[in-house]
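Student: using only what follows, build the 3D model:
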Amino acid sequence: MDGRPYSTKDKDGKPTGWADRILSPSKLKLTHMYSWRVMSIVAKIIAGRIAGKDVKPTLPDNTCYSMVNDDPQEAIVISVTYDYNDKEKKIVPKPKVINERSIDLAKATYEWAKSLYRDMFS
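Tutor: Numbers count the residues shown, from 1 in each chain. Here you go, the predicted structure:
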């Protein structure tokens, strides 16, 4: 463990828990917040199956807001969704980048954080 309570890798980066073993075939290099997002999806699928529900697997998404100015508060954003290409048998990223500084994106940054914290802690 690297001292962070949400880490499931040892100091050499090797998996120590079930979540990393489930995710490792994807060969994704995951940040901790992204790892949390993917593990959250996996946990919901497992919980649904335990409850006897027919659960459709969900591909992860990723949103990264960056505050780029303090006064006025402004932000930029990149978000990525993923689709599965049946013909090529691979997952295809679909990035959307807004690289123009915006007060509205700064407000969205706070709303995004609030929803993430609600999802994580409630």
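Student: gap between Asp70 and Ile103?
Tutor: Separation of Asp70 from Ile103 (Cβ to Cβ, to the nearest Å): 12 Å. All C-beta atoms are positioned from the backbone trio N, CA, C, and that covers glycine.
Student: the more surrounded of those two?
Tutor: Set Asp70 next to Ile103 and count neighbours by other Cβ atoms under 10 Å: Ile103 wins out with 12 against 8.
Student: next one: Glu100, what pLDDT does it get?
Tutor: Note for Glu100: predicted pLDDT of 94.
Student: show me what contacts it?
Tutor: Neighbouring residues of Glu100 by Cβ atoms under 8 Å, 6 or more residues apart in numbering: Ile76.
Student: assign Tyr65 to helix, strand or coil.
Tutor: Here Tyr65 is recorded as strand under DSSP: H, G, I helix; E, B strand; the rest coil.
Student: count of residues packed around the residue nearest to it when sequence neighbours are not counted?
Tutor: Among residues not flanking Tyr65 along the chain, Thr109 sits closest, at 4.0 Å (Cβ to Cβ, 6 or more residues apart in numbering). Counted by other Cβ under 10 Å, the residues lying close to Thr109 total 21.
Student: roughly how far apart are Thr109 and Leu116?
Tutor: Plainly put, Thr109 is 11 Å away from Leu116 if you go by Cβ to Cβ.
Student: and Asn99, by the same measure?
Tutor: For Asn99 relative to Leu116 (Cβ to Cβ), the value is 22 Å.
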